[in-house]
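Q: Sequence first, predicted model second:
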Amino acid sequence: MSEFITLAREEDIPNNKSMAIAHEGLELLICHADGQFHIFENRCTHQNMPLSEGRIRNGYLSCPVHGMRYKLDTGDPVGELSRIPLTRFQTRSVNGEIQVSMPSPT
């Protein structure tokens with residue numbers, strides 16, 4: 001069973017910005033867009049580059065290296081450079097805290 005853990009506070013991540021954070025050996029990226037928070041593995045599926053310096057605009061996250069774009073609501077890629085979606089984690093906000101549900105080890 002997965003449980004939610006707090007990674008950051010909403011106030012720590014301005015709109016259209018992101019924050020990289022390491023948790024349990026994973027490099028995660030918390031993205032904020034118009035009051036919604038999304039958490040992905042901080043790795044572009046095109047060339048395994050970090051997404052933490054990428055731009056967030058109009059519901060998309062762009063890789064800072066090659067401009068590969070991903071939909072924030074699904075992690076799906078847009079364009080021809082990759083067909084592999086970002087690894088996305090279940091996210092919620094509770095009392096101003098951004099929380100993630102990490103899969104239980106098998």
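A: Right, received. Where do you want to start?
Q: partners of residue 92 in the sheet?
A: Bridge pairing for residue 92 (DSSP bridges) gives the partners residue 99.
Q: I figured it hits residue 4, correct?
A: Yes - the criterion here is Cβ atoms under 8 Å, and residue 92 meets it with residue 4 at 6.3 Å. For the C-beta atoms, the positions are set from N, CA and C on the backbone; glycine is no exception.
Q: Can you pick out the residue with more neighbours from those two?
A: Shown here are residue 92 and residue 4; by other Cβ atoms under 10 Å, residue 4 has more neighbours (15 against 12).
Q: Tell me the secondary structure at that one.
A: strand (DSSP: H, G, I helix; E, B strand; the rest coil).
Q: For it, give me its contacts.
A: 90, 92, 94, 99-101 (Cβ atoms under 8 Å, 6 or more residues apart in numbering).
Q: Name the residues linked to it by a beta bridge.
A: Taking DSSP bridges as the rule, residue 4 bridges to residue 101.
Q: Out of the contacts of residue 4, which is nearest to residue 20?
A: Nearest to residue 20 out of the contacts of residue 4 is residue 100 (Cβ to Cβ; 13.4 Å).
Q: so how many other residues sit close to that closest one?
A: Neighbour number of residue 100 under other Cβ under 10 Å is 22.
Q: What's the separation between residue 4 and residue 70?
A: 23 Å (Cβ to Cβ, to the nearest Å).
Q: The protein: helices as residue ranges?
A: Counting by DSSP state H, the chain has no helices to list.
Q: so where's it uncertain?
A: Along the chain, the model assigns pLDDT under 70 to residues 1-2, 104-106.
Q: can you give me the strands for it?
A: Counting by DSSP state E, one finds strands in the chain at the ranges 3-9, 17-23, 26-33, 36-41, 56-57, 60-62, 69-71, 77-78, 88-94, 97-102.
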